[in-house]
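K.L.:
mind looking at a prediction? Sequence and model below.
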Amino acid sequence: QVQLVESGGGEVEAGGSLRLSCVASGDPAANYYMAWFRQAPGKDREGVAGVYTGVGSLEYAASVKGRFTISQGNTKTTVYLDMNSLEPEENAVYYCAAGGLRLDTSKYYCWGQGTQVTVSS
């Protein structure tokens, strides 16, 4: 089972930027989908951005397109999420997930512990 560890959350003012990191313990030679999700208090978990490792196919939720960028590190087991122009409505716990399909929450069974992102107005 792949284990995922996220880091990089924190507090930022509206309009600011943060970078989240996710390191997977899986086989660095394998290709699989890795994605970022977020869950705000009282709301369902939603997909933010995803990448098919090795191939490099990218996908973004409409709400973050143009502001967020998902990328791979030097190895396929590290994925970053660069978030710019953050808005207070994006306060949430951000989760890294692997082994699923695109941004479909129900297709993922491997999740990180989550990292809190707080955007102050």
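P.N.:
Thanks, I have the structure now. Numbering: from 1, shown residues only.
K.L.:
wait, residue 25 touches residue 96, no?
P.N.:
No - contact status for residue 25 versus residue 96: not in contact, 11.9 Å apart, counting by CB atoms under 8 Å. (Each C-beta comes from the backbone N, C-alpha and C, glycine too.)
K.L.:
more neighbours: which of those two?
P.N.:
A count of neighbours by other CB atoms under 10 Å puts residue 96 above the other of residue 25 and residue 96, at 26 against 12.
K.L.:
residue contacts, the more buried one?
P.N.:
Neighbour list for residue 96: 4, 6, 20, 22, 24, 34-36, 79, 111-112 [criterion: CB atoms under 8 Å, 6 or more residues apart in numbering].
K.L.:
tell me which helix or strand the one residue sitting closest to the centre of the chain sits in.
P.N.:
In the chain, the C-alpha nearest the mean C-alpha coordinate belongs to residue 36, at 2.2 Å (CA atoms, centre = their mean). Assessed by DSSP states H and E, residue 36 sits inside strand 33-39.
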